[in-house]
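Colleague: Pasting the sequence and the predicted model now:
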Amino acid sequence: MDFYMAMRDLSQANGSLDTMEAKPQGSASLAAIISAFVPTWVTGVLFIAIFVVVRRWYPNIYSPRTFVGNVPEKDRTPSAGRSYFNWVHTMRKVPDKFILYHQSLDAYLYLRFLRTIIFICFVGCCLTWPILMPVNATGGGSSTELDRIGIGNVKNKDHFYAHAVIAWVFFAFVMFTVARERLWLIGLRQAWTLSKPVAKRLSSRTVLFLSAPRDALDEGNMHRYFGESALSIWPAAKVEALDSLVSSRKSKVEQLEAAEMALIRRAYREGRKRTKRGLSQDGHSSYDTLPDSVKKTIRPRHKPSASPLTEKVDTIEWLRDKIKEDEVKIEDARKAYEIGETNGAAAVFVEFTTCAEAQRACQQVASSNLLALGPRYTNVSPNEVIWNNLTIAPARRISEEGTALAIVIATIVLWSIPSGLIGLISNIGYLADTYEWLSFLKNLPTPVIGLLSGLIPPLATSWLSKMVPNIFRYIFKSAGSPTNTAAELQVQKWYYIFQVIQVFLVTAVFSGAAAVAKELMKRVQDPTSIPELLATQLPKASNFYLTYFIVQGTTSAADNLLNYSDLLTYLFYDYFFDKTPRQKFNRYTSMKGIAWGKLFPKFANFAIIAIAYSCIAPLVLGFAAVGLALYYFSYRYNLLFVIQPKIDTKGQAYTLALQHLLTGVYIAELSLVGIFSLRKATGPLIMIAILFVGTVLYNALMNKYLAPLEHFLPSDLATSAERDDETAPLLSSAEEGQAHTSSRIQRLGQQAHVPETVAQRILDPIARFFEPQVFASYQAMRSWLQDGGSLDAEGIPEYTEEQLQKAYVNPVLTAATPLIWIAKDPIGVSKNEISENEQHGLKASDQGAWLDEKGRLKWSSQEFDEIPIWKQSVTY
């Protein structure tokens, strides 16, 4: 998206921003495509070459999933070593299914989404290139070069029947693929959720109820509100003051560690100086032998307030006292904590006996009060809860959600203004000629003018575009989203709209901010003219997308592998800012996450653009397929070696992305309606109009019948799964036989006596694709999951009593004072500081970190068991 919007700026800078004629209208030449391809290909190859070299030097950036201790050993990606190309062997041998078992459901589905849209583009090429390209080339128009194989070259109305027929075939295929994937996902989610390792998780048996009345927070009323199957509850009420105190204490502990490390480094330097001067005993210095005056001089000091009259105090002693003061305040606040009248500004987590009971509770109405105990969420992990958003009153939550949507919609609508201004600024000559007070721009040196017009606008646009998902995420989190997952799904929904409107339609159709306002006013008055607008403008922008997909597929995918921004950030902070063992540890083990709300819409928009141009400029499909394939390779590497997803939507993000693909079908159909209408091609126009109505009906019916299964787990299925014998096979012999015999395609192959090898290689894949009701059923997906061999009893979580008690309790109510972790040093400063901290009642340790002979901070990056602040994460 970033390069896309930057390219839009540059194209706007070369022409008027106020007219629809700003779009390039010349013919696309193969030489122009090659001229764009060669430098981007060279850049991509250079990025990959650098990646291959530096990958060995910084494994914590490029392959942390193979060795870092905070990834459980069973979930680490197998790696034979750190040679230059051993990762290629791993990529070739390890299947995508490994990611499903050892990462998350969303990570696997993201790769499947990329494969699905690549498959759609490939099939589109197979359908459109052999038929539509020759039809367009012989259409009787005067277009030249690559434009000759576009629909703009067709003058003979009878030729449009070919486009109408291909549109029926290809768009029907896209709709079937989307429906097939949604059915497959339903079966997979059911099998995944009901597999023993997942179903036995605490989060699978727990439901979060928002807007809980005061009585529902009492354990004595648990069965009254939530039924006999409720096991335990965790109420969540307001703890704002306590939250502030705990945050303050944590901050002071980190400041104390920094002050302690400053003292240790200074003392060590003084000790080395004294050793060199021969002032130490036996050639060795110790902290105890340093003069008291030196000890006093090297201790960190600061002013507690900004007042000039305030005297400096000993930083370490001051922080110790402040931490103890915070501890007293925290304990007093916890003792005084009680849940009063909430007026609905509370929430409650309820654990049920089984996953099936939790699903029933999530689907039923728990209270006669209109706003009470809703909305409800299941499969919520404690680490994804936004605790402050649980205690929002129902009326306030509704108003905040409405405000958030209004701000997001305004952002989408008005985003063309800053983008248009950047495009305007890039045209320095136009500004200098139009506005007299800017005439001084003409006198600027040529390199400065080139910088302002060529480099800064794309960088500014890229920076602006990167902000959009973060802005949306901040808005939804501030507006009361109870979990990070809920906020991320909202980001995905609205960022998809932003992508389609601002990244696709505004660029391809309106060509600028001023044109957007002007054209929207015209189209609102006459909505029937929208197909004509699409028909007029979309073909003009087709050549832009050829270059766009080339650049995205080569440089951006290669940049995704090199990931130089994360590398430079790590090196910068590690060298200049990370001065304590905790900071070093956190930086080293902080694995890269992935934002589903940003990535799914971005690549859904890729597919939407390709589908929209499938019958207008078929060449776009091929370029899109290649670009997406390169992206798939780069993300597959990252998910195997680098990324640790922080959010798991349990497949909901994939469901939304599949639904979003149909936007491309709608845009394509409306464009063809407009083109056939303008060319007076009545027969093809009627065919596409019927197809459009059929698409609307298909979409409505699919959502009506599939949505309940996509949002909820069927109670009868959950109950029957839990009644199954623990040792029974996932599919009985009868069920396996039934699955195969119920496949009509396979049965026809048997009746036709098709050779077994042909049946396995050709008929079986065809049957699996065209018969999802058989091969994507719950039973079939259970068998498919078990084929991997990783969903076994060893993965069933077991919880201690303490873990269960604290699972869904706000951490501010239970968090202890963090241990003070400092580094061991050769002259014994750390031992002295640990003793003094413990005298103040503060736990401290120098285990797992030390200063080397040159005074550089080191820590046990290979032995996490030695790290005093590290704890094995619990899968809830």
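Modeller: Arrived safely.

Colleague: give me every residue that touches the residue nearest to V246 when sequence neighbours are not counted.
Modeller: In space, and not counting its chain neighbours, V246 is closest to V812: 4.4 Å by Cβ to Cβ, 6 or more residues apart in numbering. For the C-beta atoms, the positions are set from N, CA and C on the backbone; glycine is no exception. Shown in contact with V812 (Cβ atoms under 8 Å, 6 or more residues apart in numbering): V239, L242, D243, L245, V246, W387.

Colleague: count of residues packed around the last one?
Modeller: Spelled out, it's W387. Neighbour count of W387, defined by other Cβ atoms under 10 Å: 18.

Colleague: check contacts around the closest residue to it other than its chain neighbours.
Modeller: Nearest non-adjacent residue to W387, counting by Cβ to Cβ, 6+ apart: N810, 5.0 Å away. If a contact means Cβ under 8 Å, 6+ apart, then N810 has A236, V239, D243, W387 as its contacts.

Colleague: the bottom helix or strand of this protein by mean pLDDT?
Modeller: Sorted by mean pLDDT, DSSP states H and E, the helices and strands of the chain end with helix 733-741, the least confident at a mean of 41.

Colleague: Now do the buried residues in whatever helix or strand comes next after that one.
Modeller: Where DSSP states H and E defines the elements, the next helix or strand beyond helix 733-741 is helix 744-751. Within helix 744-751, the residues that count as buried by 16 or more other Cβ atoms under 10 Å are I745, Q746, G749.

Colleague: Sticking with T275, tell me its helix or strand.
Modeller: Here T275 is assigned to helix 240-276, by DSSP H and E.

Colleague: Please name every helix or strand in contact with that helix.
Modeller: With contacts taken as 3 or more Cβ pairs under 8 Å, 6 or more residues apart in numbering; DSSP states H and E, helix 240-276 sits against helix 292-298, helix 315-336, helix 581-589, strand 820-821, helix 829-839, strand 849-851.

Colleague: mind listing what's buried in that helix?
Modeller: Neighbour counts using 16+ other Cβ under 10 Å place 242-243, 245-246, 248-249, 252-268, 270-272, 274-275 of helix 240-276 among the buried residues.

Colleague: which stretches of the stretch 701-850 of the chain have low pLDDT?
Modeller: 721-742, 788-795 (pLDDT under 70).

Colleague: Need the max-distance pair from the contacts of N810.
Modeller: Greatest spatial distance among these (Cβ to Cβ): A236 and D243, at 12.0 Å.

Colleague: measure the residue nearest to W387 to V665 for me?
Modeller: 46 Å (Cβ to Cβ, to the nearest Å).

Colleague: V696 now?
Modeller: 10 Å.

Colleague: and those two? which has more neighbours close in?
Modeller: Neighbours were counted for V696 and for V665 using other Cβ under 10 Å; V665 has more, 25 against 13.

Colleague: if I pick the nearest residue to the more buried one once chain neighbours are set aside, what's in contact with it?
Modeller: Nearest residue to V665, sequence neighbours excluded (Cβ to Cβ, 6+ apart): F171, at 5.0 Å. Neighbour list for F171: I611, V665, A668, E669, L691, T695 [criterion: Cβ under 8 Å, 6+ apart].

Colleague: change it to 7 Å
Modeller: Listed by Cβ atoms under 7 Å, 6 or more residues apart in numbering, the contact partners of F171 are V665, A668, E669, L691, T695.

Colleague: From D846, how far out is it?
Modeller: Going from F171 to D846 by Cβ to Cβ gives 67 Å.

Colleague: Return the distance of stretch 149-157 from the chain's centre.
Modeller: 41 Å (Cα atoms, centre = their mean, to the nearest Å).

Colleague: so how far is the first residue of that stretch from its last?
Modeller: Counting by Cα to Cα, to the nearest Å, you get 16 Å between the two ends of stretch 149-157.

Colleague: which other residues reach it?
Modeller: Contacts of stretch 149-157 (Cβ under 7 Å, 6+ apart): 133, 136-137, 139-141, 143, 147, 160, 163, 539, 542, 615-617, 619, 675, 679-681.

Colleague: List the buried residues in that stretch.
Modeller: So, applying 16+ other Cβ under 10 Å, buried residues of stretch 149-157: I149, G150, I151, G152, N153, V154, K157.

Colleague: Also stretch 294-306?
Modeller: V294, K295, I298, R299, P300.

Colleague: where does the residue nearest to T128 when sequence neighbours are not counted land on pLDDT?
Modeller: Distances taken as Cβ to Cβ, 6+ apart place P618 nearest to T128, at 3.8 Å, with adjacent residues excluded. P618 carries a pLDDT value of 93.

Colleague: Quick check on P618: phi, psi?
Modeller: P618 has phi and psi values of phi -60, psi -20 when expressed as degrees, to the nearest 10.

Colleague: Contact partners for it?
Modeller: T128, W129, L132, M133.

Colleague: any chance of these in JSON lines, plus pLDDT, neighbour count and distance to A487?
Modeller: As requested, the contacts of P618 are exported to JSON lines (pLDDT from 0 to 100; neighbours: other Cβ atoms under 10 Å; distance: Cβ to Cβ, whole Å):
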{"residue": "T128", "pLDDT": "94", "neighbour count": "29", "distance to A487": "39"}
{"residue": "W129", "pLDDT": "94", "neighbour count": "15", "distance to A487": "42"}
{"residue": "L132", "pLDDT": "93", "neighbour count": "28", "distance to A487": "43"}
{"residue": "M133", "pLDDT": "92", "neighbour count": "16", "distance to A487": "45"}
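
Colleague: Now, these that are in helices?
Modeller: Within these, membership in helices is found for T128, W129, L132, M133, as judged by DSSP state H.

Colleague: What is the nearest of those to A346?
Modeller: Once Cβ to Cβ is applied, the member of these that ends up nearest A346 is T128, at 57.2 Å.

Colleague: Surely that closest one is in contact with L621?
Modeller: Yes: the pair T128 / L621 is scored as a contact, 6.4 Å apart, by Cβ atoms under 7 Å.

Colleague: All set, thanks.
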